[in-house]
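In: Any chance you can model this:
(chains A and B)
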Amino acid sequence: MSSKKHAAVLKAADGLSKKGDISLIDVLTLAETSIRSMKTFVDTLDSAVYKEFREIAEYIHNTKTEIGHLGANDMRSKHIPEAGLELGAVVTSTEDATTKIMECAESVLDADTSDPEAYHQHVNDKMMLIFEACSFQDLTGQRISKVVETLEYIDTRISRFASAIGAEDSEAPTSATEKKRQKRKKDQILNGPAHEGEGVSQDDIDALLNG
Amino acid sequence: MAVDLSMPVLVVDDYKTMIRIIRNLLKQLGFSDVDDAADGTEALGKMKQRKYGLVISDWNMEPMTGYELLKEVRTDEGLARTAFIMVTAESKTENVIAAKKAGVNNYIVKPFNAATLKSKIDAVFGE
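Out: The predicted structure follows:
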């Protein structure tokens, strides 16, 4: 407080004192008590804000740690592309095997049957090729197992992350491409192949069409 | 009415393997004139060039689905009477009902066998 203001306060206090009810000491005591109370209040306020900031800082630090544990870069650069490659290889190998098997079947159906011995040999050769082509199942099984492992890897990390930050589900922002894809699926009724026990059977379909 | 085995048949599927399977089954059933297309747009183009007696189409294709193809065919005066069988993995009731409303003649759910294909073709042509 400036000396001018200090003098004004003293003068006012002296005026009050001269009226006889309140002494200067009373005023100063009151002021001191007020200042002390205010200080306690401000100190409490500082401590609460500080505690809150500290909690926020800790939360940010923990979230950053959990994001690190998520291994998002590893997923994006390694696990997901590898799973995509495995699935691509499954599509290719099943297609190749199906083509080989169909070629064999077509060859048997078109074969000349006039010479039974030659025909028998031809059928045997084609059957062996069919058996060989069926070996794709072993490889695709192994490839799909690797994809399942990747899905489990991602699931474990995302579950841990969601649990650690206490995430609650909310509607995610949808890209224009995704919106377009969802609209097409809805408009064109694209449900995809049903799982065992889902969907309707051929008999049910016949009944629906004829009903 | 007997099925005319010489009528041109159009198989529409985006999977070459499935086209090959259906072609072979049709061949075994005695059909000799089988053509194919990879999606609805290509099929519609072919149908405007040539009159087909039967279209056997998949549902889920890009860019034009079999469902869109069916609706296009039924609204085109020149193509509206073409027999149309949907062969698809889409096996939800809503798909079957939508196809029926759009005017499909029969509906086969994948996977299917030669006997099913034959019986549905026979049913379409009233045999």
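In: which residues in chain A form helices?
Out: Ranges of helices in chain A, per DSSP state H, are A:3-18, A:24-70, A:72-74, A:80-110, A:116-133, A:136-165, A:176-187, A:202-210.
In: Output the below-cut-off pLDDT ranges for chain B.
Out: Applying pLDDT under 70 to chain B flags the ranges B:1, B:127.
In: can I get the helices of chain A in a markdown table with mean pLDDT?
Out: Output for these, formatted as a markdown table (pLDDT from 0 to 100):
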| stretch | mean pLDDT |
| --- | --- |
| helix A:3-18 | 60 |
| helix A:24-70 | 82 |
| helix A:72-74 | 85 |
| helix A:80-110 | 94 |
| helix A:116-133 | 95 |
| helix A:136-165 | 90 |
| helix A:176-187 | 92 |
| helix A:202-210 | 93 |
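In: closest to B:Gly53 out of the ones you listed?
Out: helix A:202-210 (20.1 Å; CB to CB). Just so you know, the C-beta spots here come from the backbone N, C-alpha and C atoms, and that holds for glycine as well.
In: Run through the neighbouring helices and strands of the closest one.
Out: helix B:93-102, strand B:106-109 (3 or more CB pairs under 8 Å, 6 or more residues apart in numbering or on different chains; DSSP states H and E).
In: For that helix, give me every contacting residue.
Out: Applying CB atoms under 8 Å, 6 or more residues apart in numbering or on different chains, the contact partners of helix A:202-210 are A:200, B:91, B:93, B:96-97, B:100, B:104, B:106-109, B:112, B:116.
In: Which positions in it come out as buried?
Out: With burial defined by 16 or more other CB atoms under 10 Å in any protein chain shown, the residues of helix A:202-210 counted as buried are A:202, A:205-206, A:208-209.
In: Stretch B:103-117 too?
Out: Of the residues in stretch B:103-117, those buried (16+ other CB under 10 Å) are B:104-109, B:112, B:116-117.
In: B:Val124 and B:Asn106 touch, don't they?
Out: Yes: with contact defined as CB atoms under 8 Å, B:Val124 counts as touching B:Asn106 (5.3 Å).
In: Tell me how far the residue of chain B found nearest chain A lies from A:Gln202.
Out: Closest residue of chain B to chain A, CB to the nearest CB: B:Ser91 (3.3 Å). Going from B:Ser91 to A:Gln202 by CB to CB, to the nearest Å gives 9 Å.
In: Mutual contacts of these two, please.
Out: In contact with both B:Ser91 and A:Gln202: B:Val109, using CB under 8 Å, 6+ apart.
In: ok, back up a step: right, and the helices of chain A - which one's nearest B:Leu44?
Out: Closest approach to B:Leu44 among the helices of chain A is made by helix A:176-187 (17.9 Å; CB to CB).
In: what's that closest one packed up against?
Out: Secondary elements touching helix A:176-187 (3+ CB pairs under 8 Å, 6+ apart): none.
In: Mind telling me which residue is nearest the centre of chain A?
Out: A:Ile158 (6.0 Å; CA atoms, centre = their mean).
In: which ones are touching it?
Out: With contact taken as CB under 8 Å, 6+ apart, A:Ile158 is in contact with A:Leu70.
In: mind checking how far the residue nearest in space to the middle of chain B is from B:Tyr67?
Out: The centroid of chain B falls nearest to B:Ile56 when counting by CA atoms, centre = their mean (1.4 Å). Going from B:Ile56 to B:Tyr67 by CB to CB gives 14 Å.
In: cool, B:Ala83 as well?
Out: On the measure of CB to CB, B:Ala83 and B:Tyr67 end up 17 Å apart.
In: tell me which parts of chain B are close to chain A?
Out: B:17, B:20-21, B:24, B:28, B:59-60, B:65, B:67-68, B:89-98, B:100, B:104, B:106-110, B:112, B:116 (CB under 8 Å from any CB of the partner chain).
In: The strand of greatest length in chain B: partners in the sheet, and parallel or antiparallel?
Out: The single longest strand within chain B, with elements called by DSSP state E, is strand B:83-88. Applying DSSP bridges, strand B:83-88 is found paired with strand B:54-57 (parallel), strand B:106-109 (parallel).
In: List of residues touching the first one?
Out: Just to be clear, that refers to strand B:54-57. B:7, B:9-13, B:22, B:26, B:40, B:43, B:47, B:66, B:69-70, B:73, B:82-87, B:121, B:124.
In: now, which of the residues you listed lie within helices?
Out: B:22, B:26, B:40, B:43, B:47, B:66, B:69-70, B:73, B:121, B:124.
In: Find the pair from the residues you listed with maximum spatial separation.
Out: The span of the ones in helices among the contacts of strand B:54-57, defined through CB to CB, is set by B:Gly40 and B:Ile121 at 20.7 Å.
In: More neighbours: which of these two?
Out: Just comparing B:Gly40 and B:Ile121: by other CB atoms under 10 Å in any protein chain shown the higher neighbour count belongs to B:Gly40, 26 against 23.
In: what about the closest residue to that one other than its chain neighbours, neighbour count?
Out: In this structure, B:Gly40 finds its nearest non-sequential neighbour in B:Met64, 2.9 Å apart by CB to CB, 6 or more residues apart in numbering or on different chains. Look at B:Met64: counted by other CB under 10 Å, it has 17 neighbours.
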